[in-house]
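In: Fold the following.
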Amino acid sequence: MKFFIIRKKTLVIIFCFFVLIFIIFSFVFKPSIHFAVPLNYNCAVSDEFLDKINSLTNSQEKIAYLTFDDGPNNSITPKVLDILKDEDVKATFFVIGKYVEENPEIVKRAYEEGHYIANHGYSHDNSILYKSSDSFIDEIKKTDFAIGKAIGISDYCSHVFRFPNGFIAPIYKQKKKEAALLLSKMNYTYIDWNCLNNDSMKKYSSAQLLNNLKNSCKNKNSLVILMHDTKDVSNSSLALKDSILYLKSRGYEFRNFYDI
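Out: The predicted model follows:
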């Protein structure tokens, strides 16, 4: 009888040990995330996804989609990622292909931390982007190839594009209309924004950037927010934490395009 009791306790200890190992394994080696949007050219996105992207700013829910253009930048983007991680916010990065090639490890980090990596063209040069249909398609595909190489997904396609300066800007308006048709044939859509802090307009202090954001989001529900993870004009990373805290205090829930 004594031998049986010792053996039973031993089995319980062994069982608890393996349960503990399983829990640790589950946290350290998380399973691959499965996204609703197939991230390659061979998969067409649903009409529902496209409709939701095109109508994001019409929602009556208080949702904030934080987007960053023109990166990755080796000094600013890591700071942005640190803040997003601290505040548990997932964003969308509209990256420039040539900078992805220069900073692949930053793009990989952003992707692995749950941020959506979207396409902003390879050169951010309108004279190249709109030179011809082939040139436009090449800019998109070269950027997707650079992203895919950085994050380890062959034939990567983000399905979401942002025109340099935005589709709404009057410059190259007819070319943009033609490009929009090309995008649809590539299983792509495009999106602008309805809220911004004007960090690309002129040099602003962090307090001014926050005030610009407050004015821009006034009386709006769903927000697609434009910022830049660069310091070419103003440095949004300096005002990012306060901007996030302000929006949270106003009842906004942060999401990115994976949540659509």
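
In: Nearest the geometric middle of the protein, what residue?
Out: Nearest to the geometric centre of the chain sits residue 92, at 1.6 Å (Cα atoms, centre = their mean).

In: surely it meets residue 256?
Out: Yes - contact status for residue 92 versus residue 256: in contact at 4.8 Å, counting by Cβ atoms under 8 Å. Using the backbone N, CA and C atoms, a C-beta is placed for each residue, glycine as well.

In: where's residue 146, which helix or strand?
Out: helix 133-151 (DSSP states H and E).

In: roughly how far is that helix from the heart of the chain?
Out: The chain centroid and the centroid of helix 133-151 are separated by 17 Å, computed with Cα atoms, centre = their mean, to the nearest Å.

In: Which SSE is immediately downstream of it?
Out: Past helix 133-151, heading to the C-terminal end, the next element that is a helix or strand (DSSP H and E) is strand 160-161.

In: now for that following strand, which elements pack on it?
Out: strand 116-119, strand 189-190 (3 or more Cβ pairs under 8 Å, 6 or more residues apart in numbering; DSSP states H and E).

In: Going by neighbour count, list what's buried in the helix or strand just after that strand.
Out: Following strand 160-161 in sequence order, the next helix or strand is helix 173-185 (DSSP H and E). Using 16 or more other Cβ atoms under 10 Å as the test for burial, helix 173-185 gives 175, 176, 179, 183.

In: cool, and stretch 196-206?
Out: For stretch 196-206, a neighbour-count test (16+ other Cβ under 10 Å) marks 196, 197, 198, 199, 200, 204, 206 as buried.

In: And stretch 137-155, by the same measure?
Out: Of the residues in stretch 137-155, those scored as buried under the neighbour-count criterion (16+ other Cβ under 10 Å) are 138-151.

In: now swap in stretch 244-260 and tell me
Out: Neighbour-count burial for stretch 244-260 [16+ other Cβ under 10 Å]: 244, 247, 252, 254, 255, 256, 257, 260.

In: same question for it, mean pLDDT?
Out: Confidence over stretch 244-260 (mean pLDDT, whole number) is 95.

In: Now do residue 235 against residue 104, distance only.
Out: Residue 235 sits 23 Å away from residue 104, taking Cβ to Cβ, to the nearest Å as the criterion.

In: Comparing the two, which residue is more hemmed in?
Out: residue 235 (21 against 16; other Cβ atoms under 10 Å).

In: hmm, back to that, residues bridging contact with residue 92 and residue 256, i.e. touching both?
Out: Overlap between the contact sets of residue 92 and residue 256, as judged by Cβ atoms under 8 Å, 6 or more residues apart in numbering, is given by 65, 66, 115, 116.

In: Redo the buried residues of stretch 137-155 as TSV? Include pLDDT and distance to residue 157.
Out: Below are the buried residues of stretch 137-155 laid out as TSV (pLDDT from 0 to 100; distance: Cβ to Cβ, whole Å):
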residue	pLDDT	distance to residue 157
138	98	14
139	98	14
140	98	9
141	97	9
142	98	13
143	98	10
144	97	6
145	97	10
146	98	13
147	98	9
148	97	8
149	97	13
150	98	14
151	97	12
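
In: about what we covered before: most packed of the helices and strands packed on strand 160-161?
Out: With neighbours defined by mean count of other Cβ atoms under 10 Å, none of the helices and strands packed on strand 160-161 is more surrounded on average than strand 116-119, at a mean of 26.

In: The closest residue to residue 58 other than its chain neighbours: neighbouring residues, count only.
Out: With sequence-adjacent residues excluded and distances taken as Cβ to Cβ, 6 or more residues apart in numbering, residue 58 is closest to residue 222, at 7.1 Å. Counted with other Cβ under 10 Å, the neighbours of residue 222 add up to 20.
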